[in-house]
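Engineer: kindly generate the corresponding structure for this input.
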Amino acid sequence: MNISSKVMMLSAISAVFALSGCQNLSFATGTTAVNDTKPAHTQAPVSYETLSHYNWTLVSAVDRNNQSLPALSAIKDQVILQFGQQNGHNVTRYSVGCNNMVGQYTLSNNVLNIANVRQTMMGCGELSGAESLLNSLMQGSSQLTVQGTQEPVLTQITNDNATLVWKGVLTSQAKYNQQGDTVFWEVSHEAQLCSPASTKVCLKVRPVEYDNQGIKTGEGNWSIFGGVIDGYTHNDSADEVLRLKRYVVDPSDVKGKQFAYVLDSVVETTFIDK
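Structural biologist: Residues are numbered from 1 along each chain as shown. Reported below is the predicted structural model:
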């Protein structure tokens, strides 16, 4: 008999709902002071739209003396930065791969100011030092420049003159030019053949429903899914509940519409003892 143990990836699934509005765009203006020691930049103004249309991943991190910050540089591929809106406020989310840190931000004359930061409270082990460093660097004012449009590079000079360089990948909302629907699927650890006569392997999935408090209220029937979930890699050692964004890829043809699915987060994992 299988033995399973559930591991919640956030402190509560309600935290997932609380952070769900990060791609609902809004444009506003704000002002803040900037450290006089920072160099002036002549590039085109950085806009709210530019920041929020991309998911940003760290490329490099150096201190005021241009020396590498190894705590961040060693894990740069998992250090992420996002911009959007939540409850009528412009917010930014950043993480080193453990807790989500979310703060309100303003942007004026290429100066970013982040304040009122809150975060989830998971223990991060060896990532704790990197998380503390990133949180310290991000808060307060920093100078931004962006170069390129297809694969933009965002350079951020922080309040203490450290330099963080980020590369941007277009968000799904910007790519599909729509908000997208949020759906939850449970994915079985057991993949199946797409049909008896096929050699192609498909996912075994079923819809999951939650109420506004994040409490699970129901599960649908299992079915075979032969498509692709962007950003998801199947785990044959665990059943997982996924939070997905669903986009209509041909909205002009309502009867024959197709969907694109993008992983937002894994909200529950049940490991299987084989």
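
Engineer: grab the longest helix from the protein for me.
Structural biologist: helix 128-138 (DSSP state H).

Engineer: okay, that helix in CSV with CA atoms only?
Structural biologist: Provided in CSV are the C-alpha atoms of helix 128-138 (Å, rounded to 0.1, in the frame of the first residue of the first chain):
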residue,chain,number,x,y,z
SER,A,128,18.5,32.0,4.1
GLY,A,129,21.7,34.2,3.6
ALA,A,130,20.9,34.8,0.0
GLU,A,131,17.3,35.6,0.8
SER,A,132,18.2,38.1,3.5
LEU,A,133,20.8,39.8,1.2
LEU,A,134,18.3,40.1,-1.7
ASN,A,135,15.6,41.5,0.5
SER,A,136,18.1,44.1,1.9
LEU,A,137,19.2,45.1,-1.6
MET,A,138,15.7,45.5,-3.1
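
Engineer: show the subsequent helix or strand relative to it.
Structural biologist: Following helix 128-138 in sequence order, the next helix or strand is strand 140-147 (DSSP states H and E).

Engineer: and the helices in this protein, which stretches?
Structural biologist: 13-18, 48-52, 70-73, 128-138, 172-176.

Engineer: domains in the chain, as residue ranges please.
Structural biologist: By the assignment in automatic domain parsing, the chain contains the domains 24-35+43-170, 176-272.

Engineer: would you mind finding the most buried of those?
Structural biologist: Highest mean neighbour count among the domains of the chain (mean count of other Cβ atoms under 10 Å): domain 24-35+43-170, with a mean of 17. All C-beta atoms are positioned from the backbone trio N, CA, C, and that covers glycine.

Engineer: chain center to that one, what's the gap?
Structural biologist: How far domain 24-35+43-170 lies from its chain's middle: 12 Å, per Cα atoms, centre = their mean, to the nearest Å.
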